[in-house]
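A.B. asks: my questions concern the predicted model and sequence given below.
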Amino acid sequence: MTFIGSYPESKIIDHKISKLTKPFYFESDVLKALGLKYKNLIPTGFETDWESVPLLKGTSKIGGLIHDFLSRLDSVSGVTKKIAADVYKEFLIFRGASWWRWRLKYWGVRIWPGYFHKLKVADPFKR
């Protein structure tokens, strides 16, 4: 079952980066179907830019947080860029994004070059 524990609590670090002040719990059907760890806890102190797709930034902060977590090198073993994008799409749909919005955003993170698997969960964004 796709599930989020509660809305994430965070502290703003700068104009685009926030740090979680409490752990954030989520469950993903996509990860479960692939036999990967599917009950995930994003730890306190995790830094996120929420969503960085410029065109529609900020319309699904929870999806962006989860995608940021899955894009880290040591988050969930076996997660590829495609799987992280699929989970992002799962949470976009779960949170009620329109069909055109989730398609645009899904393909944005799917093909956009970036920091995928370059940082660890405990690493702060390079500022």
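C.D. replies: On my side now, so go ahead. A quick note: this is a predicted structure, and the numbers were derived from the prediction, not measured.
A.B. asks: which SSE is immediately downstream of the least confident helix or strand in the chain by mean pLDDT?
C.D. replies: When the helices and strands of the chain are compared on mean pLDDT, DSSP states H and E, strand 39-42 comes out lowest with a mean of 86. Using DSSP states H and E, the next helix or strand after strand 39-42 towards the C-terminus is strand 47-48.
A.B. asks: what's next to that following strand, contact-wise?
C.D. replies: Residues from elsewhere that reach strand 47-48 (Cβ atoms under 8 Å, 6 or more residues apart in numbering): 10, 13, 17-20, 64-65, 68-69, 124-125. Glycine gets a C-beta too; all of them are placed from N, C-alpha and C.
A.B. asks: kindly write the PyMOL command that selects the buried subset of the residues you listed.
C.D. replies: Applied in PyMOL, the following selects the buried portion of these according to 16 or more other Cβ atoms under 10 Å:
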select buried, resi 10+18+20+64+65+68+69
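A.B. asks: out of the contacts of strand 47-48, which comes closest to Leu34?
C.D. replies: Phe69 (16.2 Å; Cβ to Cβ).
A.B. asks: where's the closest one relative to Arg103, distance?
C.D. replies: Relative to Arg103, Phe69 is positioned 22 Å away (Cβ to Cβ, to the nearest Å).
A.B. asks: then Asp29?
C.D. replies: Between Asp29 and Arg103 the computed distance is 19 Å (Cβ to Cβ).
A.B. asks: what segments of this structure are helices?
C.D. replies: Shown for the chain, the helices assigned by DSSP state H span residues 29-33, 61-70, 81-94, 99-111.
A.B. asks: could these be laid out in TSV, adding distance to Ile42 and mean pLDDT?
C.D. replies: Shown next, in TSV, are the helices of the chain (distance: least, Cβ to Cβ, whole Å; pLDDT from 0 to 100):
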stretch	distance to Ile42	mean pLDDT
helix 29-33	13	94
helix 61-70	5	92
helix 81-94	12	94
helix 99-111	17	89
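A.B. asks: among the ones you listed, which is nearest Ser6?
C.D. replies: The closest of the helices of the chain to Ser6 is helix 61-70. By Cβ to Cβ, the value is 10.4 Å.
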